[in-house]
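Asks: Next input, structure requested:
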Amino acid sequence: MLLPSTEPAESHPLFQKLTDSPLFQTYKTAFRTTTGLDLHLIPAHHAEKRKERAQSQFRNAFCNELSSLPGVNDSFCACCRWNSEDTLEATPHTYTCPAGLSETAVPVRNGDETVAILTTGYVFVGDKSEKTSSAAVEKLHSLNVPDSKKEELFALWRETDSVEWKKYEGIVTILTSFAVQLSVHVNRIVLENSNSEPRLVQKAKQFVTANIDRKITLAEVAEHVGVSTFYFCKVFKKTSGMTLTEYVNRRRIEIAKLKLINPEARVIEIAYETGFQSLSQFNRSFRRYVGQAPTEYRKSRLQRASTE
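Replies: The predicted structure follows:
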């Protein structure tokens, strides 16, 4: 699900719920304790918002000071480089700035779309060799900053931590595994009910669940909760971050995932039992929100169950 471009990404209900979730907060603390590195969750879209959020969360003193200089642009800072579209793909990316510091961006996927990015690093990977030091000195001199500021930057640069290559590769592997776990958590967050939601949104979700096996229209849901379709759409979208149609489809898919665990259940029967009007519609929606076809999902789940 793409975060709507008309609102700040960090205020989007899905992103905020993901950030505040016990799963992320617990892992963030454990990650810091185990690796000594910070872990941040960044909005997938809104490139400028991502850059601002990343820079505001720096705990690396060198990066923090460097990013404040007027001569520093996106070609210098590793933290800015993952603003490019490659971070919206399904694989992790590690970027190294001219000063020799690396940062890794790992996508959190929801189906075939990236909804957030896990970032860590701001460290030297390997040794701070004389070659790296010379390159950093040359690059920093090209920024035309005052000599007094250069001395401060070099002091901070020398204090920056180093991580061995093999250890850093292991950290990225762990982070990638967590991104997969968080991706599974995304859809649960999207669909969960909250007592803080407006009553009409709670009633609408209950109505959808009770009638999930048939076609559900916007008009009948609005009538059920006692408001106009315009008002309902406005409140529902603001609260949940998605349209009613998307919520209904996501709810259908979650129920279908449970039914697919039964190897005896036919896929076409599951499609109709969960309210889809055709098998092709079911397959398209399933691939969009899960990232694979229903048959592939069933096969992977059954294989996993057989090894547990």
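
Asks: from here on, contacts and neighbour counts on C-alpha atoms
Replies: OK.

Asks: Make sure Leu41 is indeed in a strand.
Replies: Yes: counting by DSSP: H, G, I helix; E, B strand; the rest coil, one finds Leu41 located in a strand.

Asks: any low-confidence regions in this structure?
Replies: For the chain, applying pLDDT under 70 flags the ranges 1-13, 45-59, 70-90, 128-137, 139-141, 143-144, 193, 308.

Asks: What segments of it are strands?
Replies: 40-43, 93-96, 101-110, 113-125, 162-163 (DSSP state E).

Asks: Bridge partners for the nearest residue to Thr96 once chain neighbours are set aside, pull those for me.
Replies: Nearest residue to Thr96 in three dimensions, chain neighbours excluded: Ser102, at 4.2 Å (C-alpha to C-alpha, 6 or more residues apart in numbering). Assessed by DSSP bridges, Ser102 has beta-bridge partners Thr96, Val123.

Asks: number of nearby residues for Ser102?
Replies: For Ser102, the neighbour count with other C-alpha atoms under 10 Å is 20.

Asks: OK, contacts around it?
Replies: Residues near Ser102 by C-alpha atoms under 8 Å, 6 or more residues apart in numbering: 78, 94-96, 121-125.

Asks: could I get those as TSV with neighbour count and distance to Pro263?
Replies: TSV is the format used below for the contacts of Ser102 (neighbours: other C-alpha atoms under 10 Å; distance: C-alpha to C-alpha, whole Å):
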residue	neighbour count	distance to Pro263
Ala78	23	47
Thr94	17	40
Tyr95	18	44
Thr96	20	47
Gly121	28	43
Tyr122	28	47
Val123	21	48
Phe124	23	49
Val125	21	47
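
Asks: thinking again about what came up before, which of the strands of the chain sits most buried?
Replies: strand 101-110 (a mean of 26; mean count of other C-alpha atoms under 10 Å).

Asks: tilt between that one and strand 113-125?
Replies: 160 degrees (axes from the mean of the first three to the mean of the last three C-alpha atoms, to 10 degrees).
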